[in-house]
Structure formats: C-alpha cells, structure tokens
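What would the 3D arrangement of this be:
(one chain, ligands or ions: 1)
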Amino acid sequence: MTRVPATKRTQKSLENLDESFIHHLNHTLAEDSASATTLAKYFALSYAIRDLIADRWLHTKSIIFNRRDLRIVNYLSMEFLIGRLLYNNVLNLKIEKHVEELLEKYGLRLEDLIPLEEDAALGNGGLGRLAACFLDSLATLGYLSYGYTIRYQYGLFKQLIENGYQKEEPDDWQKNGYPWEFPKPEEAVVVKFFGRSEVYTDENGWLKFRWVDTYNVIAVPYDIYITGYNSEIVSVLRLWQPKAISEFNFAEFEKGNYEKAVAEKNFAEKICKVLYPNDAFYQGRELRLMQEHFFVSAALQDIVRRHKKRYGTLDNLYEGEVIQLNDTHPALAIPELMRILLDEEGYGWEKAWEIVSKTIAYTNHTVMPEALEKWEAPLLQHMLPRHYQIIEEINARFLKDVAEKFPGNLQKIVNMSIFEEGHIKKVRMANLCSVASFSINGVSQLHTEILKQSVLKDFYEMYPEKFNNKTNGVTQRRWLLESNPPLARLITEAIGDRWITDLYELRKLEMFLDDTSFLERLGAVKRWNKERLAKYISEKLGITLDVDSMFDIQVKRIHEYKRQLLNILHVIHLYNEIRDGKLPEVPRTFIFAGKSAPGYRMAKLIIKLINSVAKVVNEDPVVSKYIRVVFVPNYNVSLAQIIIPAANVSEQISTAGTEASGTGNMKFMLNGALTIGTLDGANIEMLEEVGAENIFIFGLKADEIEEAKRKGKYNPFGIYMDNVKIRRILDMIRTGYFNPDEPELFVDIFENLLYGKYAPMPDQYFVLADFESYAETHKKIEKLYQNPVEWNKKSLLNIARSGKFSSDRTIEEYIADIWKSKKVYE
Ligand code: 26W
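Numbers count the residues shown, from 1 in each chain. Just a heads-up that it's a prediction; the model follows:
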C-alpha cells in the first residue's frame, strides 16, 4: 500500500480547525466565545482536535477490514495510565503552531488549557504506564493494535498529605465529562457470571457443555484513539463499561421493592466502580475477579467477532490476531477463549487448544511472591463454573505431559500444577499462563533470568523455547518531546528531529561531548526545568527551593522493596554530619513523591517518616542551608512530566533482584539525570549502555542477596551494633527524634529492620547491608557535582546512550519475536 503523507490529511482539515473550534463551542457546548469559561474552550479545542483523530480512525478501520495480511495486536491490561491527551495529540498531529495561533485570537495560550484536563489515571504504576507507552509506539510505528481495559468510574485515588500522613480521595476523572472517548453502544456484548455448567448431547450425539442460569451484564465499549507521531494509524484503547440489562424493574417497583427495582443496575455499576490501588500486592477479592472476567470476556468476544468478520472462520484466529496478557490479571482469557471455541463455536478440545495456545502470549512483571495471583478455587468455581471446569481439564492434560516428560517426579507435578492443594485450594494464574501461552517474557535481562532460574524454573525446563526477554522502554514523545520542550529543542537544533521516531539518533549528541558551549546550554536547560519544578512546589506547597542545589529525586510507588527507607536514612545521616559540623560541599534537595497502597501499613509509615524528617531538616536554620527535603503529594503522569526533567540525580535503589525492570529509571536517563542505582532490573542494561564511569552503581548484587537469604547468614543486628552511624540513625528513629509528640511512632520501622517484626526475616530488603556503599557513592556524586563541565558531560552521555530505552525498540522486538505482525506501510 502506498503511503498517504500523514500531514496531508491534517493539512486539509487544519484549514477548518478555527471553524471547527467555534462550531464545537457554539453547537456542541452551546456557549459563545465571549462568555465561555476556559474549561469550555478546552473542551471545544479538544473536540476540534478529536475530529482530526476520528478521520485517522476511519482510515485505520478501513485498513483493518481490508488488509487480511496484517495481524492485529491485542494488549489486554487491567491498567492503562495514559495521562493527559491534549498536548500529546497536538504534538503527534504536528499542529502546535496552528493551535497556538488559533488560541491567541481568543487571548488564550495552550499552556493554560492543558492543565484543565484530568489525568486519566486508570493504572497504578509501571505496568499501567508501560501499556500506555506501548500504544503510543504501536501507533507511531504503524502497526494495527487494540488495548483492552476497564472504564473505571474512579481511577487511582488522589493523594493528600495531611500532617505528614497519606490521605486518599476518590478520583472522579469524568466529573466534567471527557472529550477523548467515543461510546460505541452498537458494539456492546453480554458478559455472564455465576450459573452452572450443564452437560447435554448435541444433534450429532456428542457430549457437550453449556453455561446456563447465568447472571448477565452488558459491556459497552468506549473508544479512545491513541495517536502516533506523524502517523495515519491510530491505536484503539477500548474501555469496557458495565450496564444492567434491565436498569429498572417496574414490576418490583410496583410491589414497593425499590431496592430490588434497581438491583441489577447497582450490580453493574459496582463491578467497575474503582481501580484496585494495589501495586505488587495480591488480594483475593471477589470484585476484582469480577473485573478481570468482565473486561476479558468482553475483549474476547470483540476479538472473535472481528476475526470472523475479517476471515469468516476462527480456524486461523492466530493468523489475524495475537493476544498479549499484561501480567496474569487478564489470564481468564485462556478459559474464556476455550469456552467460546468449545461451547459456542463447536470446536473439539484439540483444535480449540491449538487455537488458544497459538494466539495467547504472557508477560510477567514481577517476581515478588506476594504479588502473584492465586484465586481461591471455590470462589472461581462459584463465579465461573464453566471456566473452572475448563481449567481443570487443561490441568489434567498438562500434568499428563509433565508426568511423561519427568517420569516419577512427583515434585514437578506439585510445583507445576495449576492448582495449589491445601486448606483452601488455589488456582495459580502464573502457571495457567505458562501452560497456555506460546510465549513467556520478562521485562529486563535480569528479570527474565530470574524467571528462568527460579519463579518459573520448572516451566523453563519443560518449555525452554517459550521464554524470551523484552526489556521495557518508554516513549520519547511523551517523556522528552512533551515533558521537556527546551531539551527537545536543543537536541533538534543539534542533530535534527529524527530522534523523535528513532531514539538511537541521540548517539549523534556524542559529537558535542567536548563542546563546552553546548554543555553550558545543556546546563541551562536543566536549570530551566529545575525552576519550573521549584515554581510548582512553591505554589502548591509554599516551600522555597534553591535551584542551585543538586536535585536528587526518587519518585515511584512507595514500597519496601524500592527502599525509599534507605534514601531517608541517608538523609538523616547527612543531617547528623551537618549537626556535627561536617558540612557538605554542595547543597542538596531531596525530592520524594509516590503513592502507597491504602492498606499498606509500612509504606504509609515510611511516607510519614519522610515528612517528619523533612520538617525537622527544613526548619533547622543551619541544616536547611545545606539540605532540604520535599515530599510532593499526588504523584501521577502529569506531575512526573514536571518532576523528572528537573532531576540532577535519579534514585533507582531497589534491592537487587526485586525490581523487574523499572521504567522511571529510563525516563530520568533520557532527561539527563545521573543515576545512583543498584544492579537491578534495567539499571544493569543502562550501565551496559553508558559504561561504569557514567552511572553510580552501589550495593549487593542479586546473587549475593540470594545467597545471604539461602544461607540465613544476614545479620542486620550485627551491623547495627558495629556501625555507629547506623546505630545513631536508627536510635533517633526509635526514640522519636523526628516525632517527639508521639515518640513510639516509628518503632515498627526499627523493629522490622532489626528483628523482622512484620516480615519473614530481619531487614528483608537489605537496607542496612547496602547503607555504607550507598553513602560512599553519594560522596562521589557530591564531588562530581562541583565540576559542572564534567557533570554535564556525563549527563549528555546518558542522553546520547538512552536510545535503547525507547518503547519503539521494545515494540519492534515484540513484533519480531512474538507478534509477527507487519506495518501498514512498509
Ligand atoms: C494483583 C496485584 C498486583 C498489581 C499490580 C500485582 C502486581 C502488579 C504489577 C505487576 C506491579 C507492576 O506495576 N510491576 C512493574 O511493572 C513494570 C513494567 O514492566 C516494571 O518496570 C516494574 O519493575 C514492575 O514493578
């Protein structure tokens, strides 16, 4: 197919953009330009831009139904953290100048409208943001793709900090309406729950099953078209919304049963009321299982319907469609697709299994045992009786294969069975995925090795050919072009703009490593970003920052394994040094942000500790000349876009072997921060790219941690006794130095480190073990910062070598090794 230049369509419609804006203001919103609020103008502009995007969708759709040689990528994910779309779409459509001119006529600037959009926070953290970056890359590269998820009424909670504590508030992201989605009620499907599985004999005398006496809910799709940079092709993000079949039961109402009259409506609304705010911690909640089944069933019916329309048969489903499971959360896709093929389409088991296992692929995102989904068998059986039966059959057949491959090895059967026997029988979703998928991938080299050697070891022995690595990436469109305009401009002036769609182009920046004037300009860009952040913090929190100080930033979900605790213990150490008269050579600002799961006690206590230390440090007239500590509330995609470009130092300090990949680490690198990090996740690959002189690595390695755990030889109490610095810090925490009103408050942190009071072992994340190495490494960073030329040089090298960490590279690898799809335009 010959390519229509992407700009051509835009150019034509651009002439009408002004008219379109006024049209939407007057006729969609019924407002006039004289009295309309800025919010109304934001909506009018968004609708005008959305029209351009709708054209792209119609074009993409015609390709979907005319090109049967293109396999469609289906990314099933409980989370898509897409953030704001207005500016993203303006940049992708390359209409910024035009939009600015249009707004100027109304005395408006784009930057005044952008913040009026609510973040679509339909995700928790890394896994959800990765899904959003992937859709951006798929559209930009020109592959056909659908993302499937839930239209949560409430996204991830908004975080307030009150008296140093996290407080959660609901995120009613649609309260003003949302301009970027298109409801598609005509494409609704029915999703079933409960009931029972019934045996019957079909017309040919075959024994068959059917799922009967079910409770049914309608699933209505709402589509957001995700634009790509300079691309005619859009990705479709399809959000499913539950709706009652009968919203109001008049018969019950007549009888005076108001509750019963609206019972179905309430049930439907309940399902997708809220995104579960757990990150890396599994909770076996019935409602969560309903959510998983709801969107997976709707997505599969949609995929099946589309394939039949394109090919007239499901025999070759895997030729037209591929389904990627974003962790195990959508694992019910496996029994659901089997059910459709067996019970509704009349396939026999063998052919159905062949179709399923050639269509579905699985990505694992965590090795933390407490994050692995294991549904209670009775719960699953009650809610999805037919699926449960199918899982039993999958398991029976699979265990036969295991017994054949490892004769007499009972332990293999116990380890690999989809069911975990015990007081309450459980269904291990990672095992289900590993059995049924044709591909199993981890998200960094180290993570994939850990999967092969421990978490999924037995599956690796059985199916080595299924395993592969796909190191994560981030989209440079959002994480540089959009979030850091002065850096994007500097780069484009120096090497042209091809980096926007080919991040390896950044290598050309190495030409400027010895160009002091270029390095100065890079320093000025960093300063601009620090000022922008300082302004935000001053306006929101009333805290004044010194932009000459080194900005040292740790932003991510709060979790013990990510070790915000190590960071704050080190801050306390610096505080002690200053009080002892040992003054640091450079002033530093330590910035934290991140949400804790509402039920995660330790993480919430760590937030309180950070805020308590911040108060003492910032209010000390001497200490605050050298260090400041800030906790920025409500970390989300939009805030990340302001915080990350302002970093001099990026904190990536998880216990080695715990962070599957990390993607924040990549965003910081792309924006010229220097990383202090452990040999964990993708940090290892960042080290490979920049070389040891350009990244600050510290701490124990994954195998050392592994060994210390295995041999039970780690003794944090010994470290406490031997190391006066550490003892002093921990005693301050224990005795309430930072919280004199409530001196016992942080005792649990102390006791967890030394005695493992709330954990399987003392200091299970090796905070004390890594402390000295961390503090020494910080001293090196402090030295380097005093030499701006050297610092900026390393900063530039980090940018120049960040090409590998584009999600475009990641997507091309998924395409080549797993999805085997082709671009619309070759
Ligand atoms: C069922 C509860 C639950 C919820 C979310 C368990 C596990 C999760 C996710 C797997 C957590 C997550 O976001 N993992 C992150 O995925 C990123 C993208 O691959 C990685 O970069 C992070 O290292 C990993 O923690």
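
and the strand or helix carrying residue 440, anywhere near the ligand?
Following DSSP states H and E, the helix or strand that holds residue 440 is strand 439-442. No. Contact of strand 439-442 with the ligand is not found when judged by C-beta under 6 Å from any ligand atom; the minimum separation is 8.8 Å. In this view, the C-beta of every residue, glycine as well, is placed from N, C-alpha and C.

Relative to that strand, what are the paired strands and their orientations?
Listed by DSSP bridges, the sheet partners of strand 439-442 and their directions read strand 360-363 (parallel), strand 467-469 (parallel).

Next SSE downstream of the longest one?
Scanning the chain past strand 360-363 towards its C-terminal end, the next helix or strand to appear is strand 374-376 (assignment: DSSP H and E).

what does the shortest one give?
Once strand 467-469 ends, the next helix or strand along the chain (criterion: DSSP H and E) is helix 476.

what are the phi and psi values for residue 713?
Main-chain dihedrals, residue 713, degrees, to the nearest 10: phi -100, psi 10.

what about it, how many residues close to it?
The local packing count at residue 713 equals 8, with neighbours defined by other C-beta atoms under 10 Å.

Show me the shaky parts of the stretch 301-450 of the chain.
For the stretch 301-450 of the chain, no stretch has pLDDT under 70.

how about the biggest helix by length in the chain: buried residues?
Longest helix in the chain by number of residues, with DSSP state H as the criterion: helix 38-66. If you call a residue buried by 16 or more other C-beta atoms under 10 Å, then helix 38-66 has these buried ones: 40-50, 52-53, 55-57, 60, 63-64.

go on, stretch 683-696?
Applying a neighbour-count criterion of 16+ other C-beta under 10 Å, the buried positions in stretch 683-696 are 683, 684, 685, 686, 687, 689, 690, 694, 695, 696.

can you tell me the helix or strand for residue 753?
Under DSSP H and E, the secondary-structure element containing residue 753 is helix 747-755.

What of residue 629?
For residue 629, the element it lies in under DSSP H and E is strand 627-632.

other SSEs contacting that strand?
Counting contacts by 3 or more C-beta pairs under 8 Å, 6 or more residues apart in numbering; DSSP states H and E, strand 627-632 packs against helix 516-541, helix 564-579, strand 588-593, helix 601-619.

Quick check: which of the ones you listed has the most neighbours on average?
Per-stretch averages of neighbours, counted by mean count of other C-beta atoms under 10 Å, single out strand 588-593 among the helices and strands packed on strand 627-632, with a mean of 23.

by contact count, what packs against that strand?
Packing partners of strand 588-593 (3+ C-beta pairs under 8 Å, 6+ apart): strand 550-555, helix 564-579, strand 627-632, helix 637-643.

Tell me which strands it pairs with, and in which orientation.
Sheet neighbours of strand 588-593, with direction, are listed as strand 550-555 (parallel), strand 627-632 (parallel) (DSSP bridges).

which other residues reach the last one?
Read it as strand 627-632. Applying C-beta atoms under 8 Å, 6 or more residues apart in numbering, the set of residues contacting strand 627-632 from outside is 161, 537, 540-541, 543, 545-546, 549, 555, 568, 571, 574-575, 578, 584, 587-593, 607, 610-611, 613-614, 617-618, 639, 643.

May I have the strands that pair with the lengthiest strand in the chain, each with its orientation?
Scanning the chain for the strand with the most residues, using DSSP state E, yields strand 215-226. The pairing partners recorded for strand 215-226 under DSSP bridges are strand 181-183 (antiparallel), strand 189-193 (antiparallel), strand 235-244 (antiparallel).

Quick one: closest of those strands to the ligand.
Distances from the ligand to each of the strands paired with strand 215-226 were compared by C-beta to the nearest ligand atom, and the smallest falls on strand 235-244, at 17.6 Å.

Tell me who's in contact with residue 36.
Residue 36 neighbours (C-beta under 8 Å, 6+ apart): 25, 29, 44.

tell me the SS of it?
In terms of secondary structure, residue 36 is coil; the call rests on DSSP: H, G, I helix; E, B strand; the rest coil.

Now do it against residue 108, distance only.
In this structure, residue 36 and residue 108 are 10 Å apart, going by C-beta to C-beta, to the nearest Å.

how about residue 76, what does it touch?
Remark: with contacts taken as C-beta under 8 Å, 6+ apart, residue 76 is in contact with 148, 149, 295, 296, 299, 323, 324, 325, 326, 330, 333.

Show me what from this protein comes close to the ligand.
The interface of the chain toward the ligand, taken as C-beta under 6 Å from any ligand atom, is made up of 124-127, 130, 278-282, 327, 365-366, 371, 373, 443, 472, 659-663, 681.

which stretches of the stretch 1-150 of the chain form helices?
Here the stretch 1-150 of the chain has its helices, by DSSP state H, counting those that start in this stretch, at 6-14, 17-23, 38-66, 86-92, 96-104, 110-113, 126-141.

With residue 404 as the reference, name the closest of those.
helix 126-141 (35.6 Å; C-beta to C-beta).

quick one: low-confidence parts of the chain?
Answering for the chain: the residues below the bar, that is pLDDT under 70, span 1-12.

Need the strands paired with strand 439-442 in JSON lines (columns: distance to residue 733).
What follows is those, written out as JSON lines (distance: least, C-beta to C-beta, whole Å):
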{"stretch": "strand 360-363", "distance to residue 733": "39"}
{"stretch": "strand 467-469", "distance to residue 733": "40"}
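
Number of residues surrounding residue 110?
17.

cool, and the one 5 residues further on?
Applying other C-beta under 10 Å, we find 12 residues neighbouring residue 115.

Give me the phi and psi angles of the residue of the stretch 501-650 of the chain found nearest the ligand.
Among residues of the stretch 501-650 of the chain, the one nearest the ligand by C-beta to the nearest ligand atom turns out to be residue 557. It sits 7.7 Å away. With angles defined as degrees, to the nearest 10, residue 557 sits at phi -60, psi 150.

ok, it - contacts?
Shown in contact with residue 557 (C-beta under 8 Å, 6+ apart): 124, 125, 126, 279, 280, 594, 595, 596, 597.

any idea how far residue 118 is from it?
The span separating residue 557 from residue 118 equals 20 Å under the rule C-beta to C-beta.

swap in residue 580?
48 Å.

Comparing those two, which residue is more hemmed in?
Per other C-beta under 10 Å, whichever of residue 580 and residue 118 has more neighbours is residue 118, with 18 against 8.

The more buried one touches residue 179, doesn't it?
No. With contact defined as C-beta atoms under 8 Å, residue 118 does not count as touching residue 179 (10.7 Å).

Against which helices or strands is the helix or strand where residue 322 lies packed?
Taking DSSP H and E as the criterion, residue 322 maps to strand 321-326. Using 3+ C-beta pairs under 8 Å, 6+ apart as the contact criterion, the elements in contact with strand 321-326 are strand 72-76, helix 126-141, helix 286-311, helix 333-339, helix 349-359, strand 360-363.

which residues in the stretch 701-826 of the chain form helices?
Using DSSP H, counting those that start in this stretch, the helices of the stretch 701-826 of the chain run over residues 702-711, 716-722, 724-734, 747-755, 767-785, 788-800, 807-814.

In terms of secondary structure, what does the shortest one contact?
For helix 716-722, the contact count by 3+ C-beta pairs under 8 Å, 6+ apart identifies helix 724-734, helix 747-755, helix 767-785 as packing neighbours.

export that helix as PDB, just CAs?
Only the C-alpha atoms of helix 716-722 are listed here, as PDB (Å, rounded to 0.1, in the frame of the first residue of the first chain):
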ATOM      1  CA  PRO A 716      21.300  -6.600  60.400                       C
ATOM      2  CA  PHE A 717      21.500  -6.500  64.200                       C
ATOM      3  CA  GLY A 718      25.300  -7.100  63.900                       C
ATOM      4  CA  ILE A 719      25.500  -4.100  61.600                       C
ATOM      5  CA  TYR A 720      23.600  -2.000  64.000                       C
ATOM      6  CA  MET A 721      25.900  -3.000  66.800                       C
ATOM      7  CA  ASP A 722      29.100  -2.400  64.800                       C
END
